[in-house]
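Visitor: coordinates for the following, if possible.
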Amino acid sequence: MRRRGWGAAVLAVAVVSGTLVVQGAGGGDAGGSGGDGRSGPIRTGSATAALTVADGGTSARLDRRDTAPFSMLGITWAEASTRVSGTIEVRTRDTARHTWSTWLRLDGDSGEGERGASRGGTTPAWVGPSDGVQVRMSSGASRRLPEGLRLDMIDPGGTTSAMEPAGFLMDPVDPTGEADPTGPADATGTADATGPATTDAPADTASPDPSSTRTSGPSSGPTDSAEPTRTQTQPSTGSASPSPTVSAPDPASPTATVPPAPPSTAPRPPITSREGWGADESISPEEPGYLPGGRIKAVVLHHTATSNDYTCAEAPALIRAVYAYDVQQLTWKDIGYNFLVDKCGTIYEGRKGGVDRPVMGAHAYGFNSETTGIAVIGDYSGIAPSKEAMTSVARLAAWKLGQYGVDPTGTTTLTAGASGPNYFRQTWDAGTRMTLPVIHGHRDGYNTVCPGDAYYAMLPTVRAWAGGTVEGLKLDSVTGTGVSGTTVLTDTAVTVKWSASTPAALVRQYDVLVDGEVAATVAGTASSAEVNLAPGTHKVSVRGVHQSGRTAITEDVTVLADPAPALTPPAATTTPTAKATTPAATVSPTSPASPTAKATTPTPTASPTTKAPTPADTTPPVFSTQPNLALRTGTVSTTAVPLTLKWKATDTKELKEVRLTAPVARTYGPTVTSASLTAKSGVATTWRMTAYDRAGNARSASVSGTPVILQESAATRTGTWTSKSSSGYLGGKSYSSSTKSSSLTWTFTGRSAALVVSRAATSGQVYVYVDGKKTATVDLRTTTTKYRDAIWATTWTAAAKHTVKLVVVGTGGRPTVTTDGLVYLK
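Guide: Purely as a prediction, here's the structure:
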């Protein structure tokens, strides 16, 4: 293998034709930091390699080769308005482990970009520190790929070595070397040079500035060449170049006048500045633009569609890479998003111009002129963002909208700056006035899957956190008590405890109310307060005050306080659930702020009479059956494996409830002993439960488990089996057989197992053997076609090595069975 290298002298050449161009972008010391240890700009490096086009322009590739270190990549092309709907796949080599990744599919549309942008491209992918790459690309059918195809690699600096003059790009690896781990790319899709189009599987985007120019000039990237070359460019130190002539889809252009920074009705959350994450301002010297109307009417939520495997310490580097890709590869004036949030909840300033001002971003095609964009770093198609990330998004949205008096839970009317469809195939013309939620997803205004299915499903929660009442408020206990029937008996000094699902950062305060009057006020971070009661019967409740001013109040709990002998209890009290109120006033039972709110009238209490002292109940409940997990029947996916969680709790007096606190929050009544849940495959999940009695005593217990999917290819086969392919199968494939006595055997170590099959009206039967013993005959026939169906499950008392064998019965008239693997719980 022959390596081609370049010395520092080559860097004196301004432009050299070739397959590799490396740029060093930076106005500061490469060892500086921004969010990585020290403040200041960090030098980023970028390299480009032209793709080899073949098959009449319908496919392109870059053979596997060594590169200088990089952490983010994307594929770009000459036409900024072109959208590639075909298959674009890359794989990379990990710098530390020297192993090659599996093929990663890139989204073929990063939006139409900025005014004057000369290149289009995919959404960039964060791959972590890498030093090798391979690319394959296909448009499908006879459609041609766009001109000027190239791979762009970004080294964000700070976490990997900057792409300094000693870099190189290796010759393609000998074809007799390491085998390709998968087959060729699927040839599906097209290269469409007319901009966004409705598709069945729309690509994720980082949407363009609505004032963008759709140019058709020559590619600014390198052309195919046998010999790669390398150049080094210095950051610009001059003023911004004049803006080009614009043919803008939005009727209004961002104003150059700096608008005021109005105060907000919500507190400003902590925000890491551009300097904090190490932005090199020299690569984007243009002045910022501002919304033409000077006010924000809506917040558009995005995901970056990059890997979720990054650490929070890597987030600044990831943002620098996105910034460099947007500016240097796609030729945008700045990073497209107004704000970014990492999975730990840290908020970062995106596009420059002032976090407290209405900065014009490039994130929501056709709607940039009235919105601000917040992107959570990661891909949230299959999993929702962390609670920390969503909390920060809600806080940030509330603050920005509060500057302009906009209700985060409401709707708004936006004027479309461009025609187009959205993800839901709704179409409109430029100039159409559209009603959208104030906080909405990118897919609501553009044909993209962004912000991902799982994140989009959580948007109602984000809206409620940003501007609703204190959600899920519940009075948990009044401690220092005894119990008689359903009435709490207590001394005059008590501790009131409560819980809520709204994050504490969005709660202004909690008030403990005794007989309707405030007895104690604590911060929104508190979950308990001590109060002193006068002897006698009282109604105790808790009021949560959201930062919006809206409030929620729990139902009253009747408390009988007496420092002397306890008293006969009054009539039974209401169950302590939350009711919502408007700021400083009670909401009617039909209040839109809390659809489940209800007004109640406390039951009059009976006149107390003296009785013998009742000792306080201080004994916590017990789990007579510890929490345990078992697989169950149902539809299986990699993100949702069906499970049953079982338990049994008892108390010496009266059990109040059992709460599941992780990984999801649920509350179960005292007689409930099981729940049907799901868990992500391949991930160890701990299920935590707490049992409460009426006196507020509690005991916790937990159980952990990892569902593991074994593909049918992992089984030992006998007889005749045929492989079938479909997106409906786990991993895209399954095995089918109609030959009697053909079998599949899986061996594993676990405590529960389930067979996964595909079912139809013509499906046959199978015998199931466990550890060599026939245990069941299972009929796969069903009137409704089902994929990934866990049809049979078994559980053992403890984890051990087991075998599960499936044998084809050869049922008359319908002998065929299709299996999709086995799931076991370890």
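
Visitor: wait, a strand at Glu275?
Guide: No. Using DSSP: H, G, I helix; E, B strand; the rest coil, the secondary structure at Glu275 is coil, not a strand.

Visitor: can you give me the end-to-end distance of stretch 400-412?
Guide: 15 Å (C-alpha to C-alpha, to the nearest Å).

Visitor: got the buried residues for it?
Guide: 400-403, 406-409, 412 (16 or more other C-beta atoms under 10 Å). (Glycine included, C-beta is placed from N, CA and C.)

Visitor: contacts for it next, please.
Guide: Residues outside stretch 400-412 that contact it (C-beta atoms under 8 Å, 6 or more residues apart in numbering) are 261-266, 295-299, 356, 372, 394, 397-398, 435-439, 463-464, 466-468, 548, 593.

Visitor: from the residues you listed, which ones fall inside strands?
Guide: Residues of these located in strands (DSSP state E): 298-299, 372, 435-437, 439.

Visitor: and those, which two are furthest apart?
Guide: Thr372 and Thr435 (18.5 Å; C-beta to C-beta).

Visitor: name the residue in those two with the higher neighbour count.
Guide: Higher neighbour count among Thr372 and Thr435: Thr372, with 27 against 8, using other C-beta atoms under 10 Å.

Visitor: contact partners for the closest residue to the more buried one other than its chain neighbours?
Guide: Nearest non-adjacent residue to Thr372, counting by C-beta to C-beta, 6 or more residues apart in numbering: Asn338, 4.5 Å away. Contacts for Asn338 (C-beta under 8 Å, 6+ apart) come out as 350-351, 359, 361, 363, 372-374.

Visitor: looking at those, spot the one nearest Asp693.
Guide: Ile374 (43.3 Å).

Visitor: what's the neighbour count on that closest one?
Guide: 27.

Visitor: could you pull out the strands for the stretch 701-826 of the chain?
Guide: With DSSP state E, counting those that start in this stretch, the ranges of strands along the stretch 701-826 of the chain come out as 707-710, 716-718, 722-725, 733-737, 743-759, 765-770, 773-779, 786-808, 817-825.

Visitor: could I get those as CSV with distance to Val512, mean pLDDT and mean neighbour count?
Guide: What follows is those, written out as CSV (distance: least, C-beta to C-beta, whole Å; pLDDT from 0 to 100; neighbours: other C-beta atoms under 10 Å):
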stretch, distance to Val512, mean pLDDT, mean neighbour count
strand 707-710, 43, 94, 21
strand 716-718, 64, 95, 14
strand 722-725, 62, 88, 12
strand 733-737, 59, 93, 21
strand 743-759, 45, 96, 21
strand 765-770, 56, 97, 19
strand 773-779, 57, 95, 13
strand 786-808, 45, 94, 18
strand 817-825, 44, 95, 25
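
Visitor: dump the ones you listed into a markdown table; add distance to Ser381 as well.
Guide: What follows is the strands of the stretch 701-826 of the chain, written out as a markdown table (distance: least, C-beta to C-beta, whole Å):
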| stretch | distance to Ser381 |
| --- | --- |
| strand 707-710 | 18 |
| strand 716-718 | 33 |
| strand 722-725 | 22 |
| strand 733-737 | 21 |
| strand 743-759 | 22 |
| strand 765-770 | 34 |
| strand 773-779 | 33 |
| strand 786-808 | 18 |
| strand 817-825 | 21 |
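
Visitor: nearest approach to Thr87 belongs to which of those?
Guide: strand 722-725 (15.5 Å).

Visitor: quick one: which of the strands of the stretch 701-826 of the chain is nearest Val507?
Guide: strand 707-710 (35.4 Å).

Visitor: helices and strands around the closest one, which ones?
Guide: strand 641-650, strand 743-759, strand 817-825 (3 or more C-beta pairs under 8 Å, 6 or more residues apart in numbering; DSSP states H and E).

Visitor: how about a cut-off of 6 Å?
Guide: strand 817-825 (3 or more C-beta pairs under 6 Å, 6 or more residues apart in numbering; DSSP states H and E).

Visitor: list of residues touching the strand it packs on?
Guide: Here strand 817-825 makes contact (C-beta atoms under 6 Å, 6 or more residues apart in numbering) with 631, 641, 705, 707-712, 729-730, 734-736, 746, 748, 750-758, 764, 766, 780, 788, 804, 808.

Visitor: quick one: strands adjacent to it?
Guide: strand 707-710 (antiparallel), strand 733-737 (antiparallel), strand 743-759 (antiparallel) (DSSP bridges).
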